[in-house]
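**Q** Quick one: sequence plus predicted model below, questions after.
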Amino acid sequence: MATNSPSRSERIAHLCSVVALFMRDHVLSRVSHDLRSPLNAIHSWAYVLERKIDAADGAAQRAIGGIRTGVEQQVQLLEKIVDTTRNETRKLKLNTEPFPADAMINDAIDDARIALADERGVVIVGRGMPCGETINGDQERCGQALWLMLVFAVEASAKGATVTLDVGGDDGQLRVGVSFVATAHALTDDAVAHRLEVFARSQAREPQESGQGAWVLALCQRVAEAHGGHFVAEPLADGAPVKLTLTLPVLPV
């Protein structure tokens with residue numbers, strides 16, 4: 001009998017594309033924010049200079065006009081190109097319904113093993129299951145976030161390493177922590193398999209701003225916030241233990 005269910009390889013490809021889409025959104029958001037501040041400052045100083053320059057000095061007035069026009073053109077580009085491109089992921093759409101946390105976690109582990117861990121010889125160990133909790137949210141989105149956490153941990157781990165997934169929580173919150181020992185070289189080593197994009201892996205090796213995780217983990221942050229939860233990514237330091245934690249509210253028993 002024919003089936004419309006996607007194959008495992010198709011699902012992995014879909015997960016990778018979703019990760020890339022949300023990282024693109026995050027990068028565009030930073031570009032839009034970081035460019036607007038200096039552009040606004042240039043625009044304001046152009047007005048100040050305009051009042052200081054002799055109105056009879058045609059060349060100077062044209063120069064000021066050119067500065068202001070250039071700034072306005074850049075702002076329009078941000079609005080038409082950057083902001084419009086981000087519309088696809090600006091508001092995260094959720095298909096909300098109760099679902100068992102254990103099923104979502106098990107599926108994410110299986111997908112991460114097949115996607116990369118088995119090929120890398122990395123072992124994923126789950127602890128604290130079954131937890132028996134029920135989440136009222138989007139199972140697919142939550143699974144995507146957890147899958148990304150696991151795959152990122154595998155990407156940043158040495159061959160044959162262990163990635164640990166701990167499940168716990170209290171006060172109406174489920175906490176899923178993914179722990180591993182960072183091996184920075186593993187992220188960009190061409191001799192081993194990879195699933196995440198080259199740029200994403202290279203950026204993850206760079207020092208991050210305080211309280212900010214690697215850009216490729218943007219999906220995890222967006223999913224957590226959309227569900228009223230939290231996502232925390234510890235800094236990636238070569239040879240040091242790292243933990244990624246996703247916290248989601250659960251339904252009362």
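**A** That came through fine. Numbers count the residues shown, from 1 in each chain.
**Q** Alpha carbons only: can I get stretch 237-244 in PDB?
**A** The C-alpha coordinates for stretch 237-244 follow below in PDB (Å, rounded to 0.1, in the frame of the first residue of the first chain):
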ATOM      1  CA  ALA A 237      34.800  26.400  25.200                       C
ATOM      2  CA  ASP A 238      37.200  23.900  23.700                       C
ATOM      3  CA  GLY A 239      37.700  20.900  26.000                       C
ATOM      4  CA  ALA A 240      35.100  22.100  28.500                       C
ATOM      5  CA  PRO A 241      31.700  20.700  29.400                       C
ATOM      6  CA  VAL A 242      28.700  22.400  27.800                       C
ATOM      7  CA  LYS A 243      25.000  22.200  28.500                       C
ATOM      8  CA  LEU A 244      22.000  23.300  26.400                       C
END
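**Q** taking the mean pLDDT, what do you get for that stretch?
**A** Mean pLDDT, stretch 237-244: 95.
**Q** Then stretch 138-154?
**A** 97.
**Q** Against which helices or strands is the longest helix seen in the chain packed?
**A** Across the chain, the longest stretch assigned as helix under DSSP state H is helix 8-52. Contacts defined by 3 or more C-beta pairs under 8 Å, 6 or more residues apart in numbering; DSSP states H and E place helix 8-52 against helix 58-77, helix 83-90, helix 101-112, helix 139-155, helix 198-204, helix 218-226. Any C-beta I mention is one placed from the backbone N, CA and C, and that applies to glycine too.
**Q** Adding distance to Arg127 and mean neighbour count, write those helices out as CSV.
**A** Output for the helices and strands packed on helix 8-52, formatted as CSV (distance: least, C-beta to C-beta, whole Å; neighbours: other C-beta atoms under 10 Å):
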stretch, distance to Arg127, mean neighbour count
helix 58-77, 49, 13
helix 83-90, 33, 14
helix 101-112, 11, 20
helix 139-155, 14, 25
helix 198-204, 25, 17
helix 218-226, 20, 21
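**Q** So the protein: which segments form each domain?
**A** 8-90, 97-249 (automatic domain parsing).
**Q** ranking those domains by mean pLDDT, which is last?
**A** domain 8-90 (a mean of 76).
**Q** just how off-centre is that one within its chain?
**A** 22 Å (C-alpha atoms, centre = their mean, to the nearest Å).
**Q** Same question for stretch 195-203.
**A** 12 Å.
**Q** got the contact list for that stretch?
**A** With contact meaning C-beta atoms under 8 Å, 6 or more residues apart in numbering, stretch 195-203 is reached by 12, 16, 19-20, 23, 115-116, 151-152, 155, 187-188, 194, 214-216.
**Q** Ok, stretch 217-230 next?
**A** 18-19, 22-23, 25-26, 89, 92, 94, 135, 137-138, 141-142, 144-145, 148-149, 152, 173, 213, 231, 233, 244-249.
**Q** Run the chain-centre distance for that stretch.
**A** The answer for stretch 217-230 is 9 Å, by C-alpha atoms, centre = their mean.
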